[in-house]
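J.: generate coordinates for the sequence data below:
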Amino acid sequence: MATKFKFKHFLIILFFLGLFGFTGYKVYKTIKAKNEAAATPSGGAPGGMGGGRGGPGGGRVQQVQTGLITNGKISEKVALTGSLRPKQQVDVNPRISGRITQINVDVGQLVARGTLIATIEDDEIRQQIERSKASIAVADASIAQREAELSNAKVELDRRKQLVKDGVLSQQELDGLEMRHRVAASQLELARAQRRQTEAEQRELNIRQSQTRVFSPIAGIVARRQLDLGAMAGANTPIVTIVSVSPMVILANAAEQDISRIKKGAQVNVTIDSLPGQKFNGRVMRISPLLDPQTRNGQVEIEIPNTGGLLKGEMFARVELNLGSERETLLLPRDALVYRGEKPGVFTIEADKAKFLEVETGLAQEDKVEVLGGLKLGDKVITQGVNLVKDGDRVAERGAGGPGGGQGGGRQGGGPGQQQAQGGSQSPPDGQKQGGPEQPGQRGQRPSQ
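T.: Presented below is the predicted three-dimensional model:
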């Protein structure tokens, strides 16, 4: 009985072992078939479309485009930035305090120089002017009275002088009449002085009354209106702000090494971030003789015509100023430039493999970068696809046949996850050169991608 039981268990174990062995064999065959399928080139022949394993060795092939090192001219330029400002901006303040009884302008309205902006109440001043007129009339009557008294005193004095000569009148009485004549003359002068004083007060009141009418000191456009009808205005409270927007002005900061090379009257090209695709011409009008002691930058004032009124205050502007120096040099396609840390370089093709070369760069102009060293005329460099290769990768130019290559741009590399270039990165923004960033406002546009 025990022997029969053991034999039954042996058969069960043998069955399961066979089942496991068969399953393992099937799994092995499936994995082997997948590996063989993966090893077969896409397209079935060398030079087919896509980036499978190309040629002996089975290394990946990246599809790239190339460009050549060429000769060309490059100009040294300075890139500046700043905000647009009106050439003239005036806050129109009243010269006396009072309640506003009339405002004749509004925001956006064109005004000429001398235009009446607002009127301030003048009831009290007009009353004071009327009172001064009455005071002048009183002074005139007083003057007339003093003149009559002086004339009477003079006649009396002349008659008494003859009596003294005839011995009828004593000298003492004559002295009294002379004193009376001098008093009458003095009172007449006093009355006339009082009249002049009243006239001066009246002129002052007239000036104050004229100051209740506020006029524009410049021609321009009303940019802001701070007070409304019925508000109390004071000497320190502007009623409106008027700006002259033609021409507009840019105040830009230039680096110490550039400002001495910028000349008054130089032409500049201006672009406005909020007006893409449009360019404006300007002119350097003023150059500050002082530098900022902290930044070592100097201020340059540039004027831009604004005949159509398209430019507005505080728009951000970019200025390109040609320093007038142009030279023949080697030029590199800007797309080919990559950086290893702070060292610029390019990828060339050597024996169908990518090779990184360090280069010395200079100025950048549009889609070209000046080459100062490391390359020569006619050298071929990788442009499109440069961010997908690293040293030693097999590469093929798009549009060229051959092992691993293909026409057009199939999938690059044929493997999962297109890799970024190890040891090469895209170039930094404009304004930087080999060896590190420059100071703001430095001349030229440094290479970037």
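J.: hey, let's count contacts and neighbours off CA atoms from now on
T.: Fine.
J.: for residue 118, give its distance to residue 220.
T.: Distance check for residue 118 against residue 220: by Cα to Cα, to the nearest Å, it reads 16 Å.
J.: repeat that for residue 234.
T.: Distance from residue 234 to residue 220, by Cα to Cα: 23 Å.
J.: same drill for the two, tell me which one is more crowded.
T.: Set side by side, residue 234 and residue 220 show more neighbours around residue 220, with 23 against 15, by other Cα atoms under 10 Å.
J.: so what sits opposite that one in the bridge?
T.: Note on residue 220: beta-bridge partners by DSSP bridges are residue 111.
J.: so who does it touch?
T.: With contact set as Cα atoms under 8 Å, 6 or more residues apart in numbering, residue 220 has these partners: 110-113, 242-245.
J.: most neighbours out of those residues, which is it?
T.: If you count neighbours using other Cα under 10 Å, the busiest of those is residue 242, which has 27 neighbours.
J.: contact partners for the residue nearest to it when sequence neighbours are not counted?
T.: Using Cα to Cα, 6 or more residues apart in numbering and skipping residues adjacent in sequence, the residue nearest residue 242 is residue 222, 4.5 Å away. Contact analysis of residue 222 by Cα under 8 Å, 6+ apart lists 105-111, 240-243.
J.: same question for residue 119.
T.: So residue 119 contacts 100-103, 212-214 (Cα under 8 Å, 6+ apart).
J.: what helix or strand is it located in?
T.: strand 116-120 (DSSP states H and E).
J.: quick one: strands adjacent to that strand?
T.: strand 98-103 (antiparallel), strand 213-215 (antiparallel).
J.: pLDDT of the longest one, averaged?
T.: This predicted structure assigns strand 98-103 an average pLDDT of 93.
J.: buried residues, it. List them.
T.: 98-103 (16 or more other Cα atoms under 10 Å).
J.: for this structure, what spans make up the helices?
T.: 2-39, 123-165, 171-210, 256-259 (DSSP state H).
J.: number of residues surrounding the closest residue to residue 317 other than its chain neighbours?
T.: Leaving out its chain neighbours, the residue that sits closest to residue 317 by Cα to Cα, 6+ apart is residue 272, at 4.6 Å. Residue neighbour count, defined by other Cα under 10 Å, stands at 19 for residue 272.
J.: where does residue 405 land on pLDDT?
T.: 37.
J.: make that residue 95, sorry
T.: pLDDT for residue 95: 90.
J.: got it, and residue 311?
T.: Note on residue 311: pLDDT of 90.
J.: need the contact list for it.
T.: 84, 248.
J.: could you check how far it is from residue 274?
T.: Distance, residue 311 to residue 274, by Cα to Cα: 10 Å.
J.: repeat for residue 24
T.: 69 Å.
J.: repeat for residue 65
T.: For residue 65, the distance to residue 274 equals 35 Å [Cα to Cα].
J.: in terms of neighbours, single out the busier of those two.
T.: More crowded of residue 65 and residue 274, by other Cα under 10 Å: residue 65, with 20 against 11.
J.: which residues does the more buried one contact?
T.: 382-385, 397-398 are the contacts of residue 65 under Cα under 8 Å, 6+ apart.
J.: ok, it to residue 398 distance?
T.: Computed as Cα to Cα, the residue 65 to residue 398 distance reads 6 Å.
J.: out of the helices of the chain, flag the one nearest residue 92.
T.: Distance to residue 92, taken as Cα to Cα, is lowest for helix 171-210 among the helices of the chain, at 15.4 Å.
J.: what's the angle between the closest one and helix 123-165?
T.: Relative orientation of helix 171-210 versus helix 123-165 (axes from the mean of the first three to the mean of the last three Cα atoms, to 10 degrees): 160 degrees.
J.: I'd like to know which elements helix 171-210 is packed against.
T.: Packing partners of helix 171-210 (3 or more Cα pairs under 8 Å, 6 or more residues apart in numbering; DSSP states H and E): helix 123-165.
J.: now stretch 129-138: buried residues?
T.: Judged by neighbour count (16+ other Cα under 10 Å), stretch 129-138 contains these buried residues: 129, 132-133, 135-136.
J.: below-threshold pLDDT in this structure: ranges please.
T.: Across the chain, the ranges flagged by pLDDT under 70 are 1-6, 34-59, 162, 164, 166-171, 324, 399-449.
J.: tell me where the stretch 301-449 of the chain has strands.
T.: 316-333, 338-340, 343-350, 353-358, 360-365, 368-373, 380-382, 394-397, 425-426, 432-433, 436-437 (DSSP state E, counting those that start in this stretch).
J.: who wins for neighbours among the contacts of residue 65?
T.: That'd be residue 382 among the contacts of residue 65, by other Cα under 10 Å, with 26 neighbours.
J.: what about the residue nearest to that residue when sequence neighbours are not counted, how many neighbours?
T.: Leaving aside its chain neighbours, residue 382 sits nearest to residue 66 (4.3 Å; criterion: Cα to Cα, 6+ apart). Applying other Cα under 10 Å, we find 20 residues neighbouring residue 66.
J.: for residue 80, which non-adjacent residue is spatially closest?
T.: Once flanking residues are discounted, residue 80 sits nearest to residue 319: 4.9 Å by Cα to Cα, 6+ apart.
J.: quick one: the one you found and residue 75, what's the gap?
T.: For residue 319, the distance to residue 75 (Cα to Cα) stands at 15 Å.
J.: what about those two, which has more around it?
T.: Neighbours per residue, other Cα under 10 Å: of residue 319 and residue 75, the larger number sits with residue 319, 21 against 16.
J.: tell me who's in contact with that one.
T.: Residue 319 sits in contact with 79-81, 268-271, where contact means Cα under 8 Å, 6+ apart.
J.: cool, and residue 352?
T.: Listed by Cα under 8 Å, 6+ apart, the contact set of residue 352 reads 394-396.
J.: write a ChimeraX command that selects only the buried members of the residues you listed.
T.: Applying 16+ other Cα under 10 Å to the contacts of residue 352, the buried members can be selected in ChimeraX as follows:
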select :394,395,396
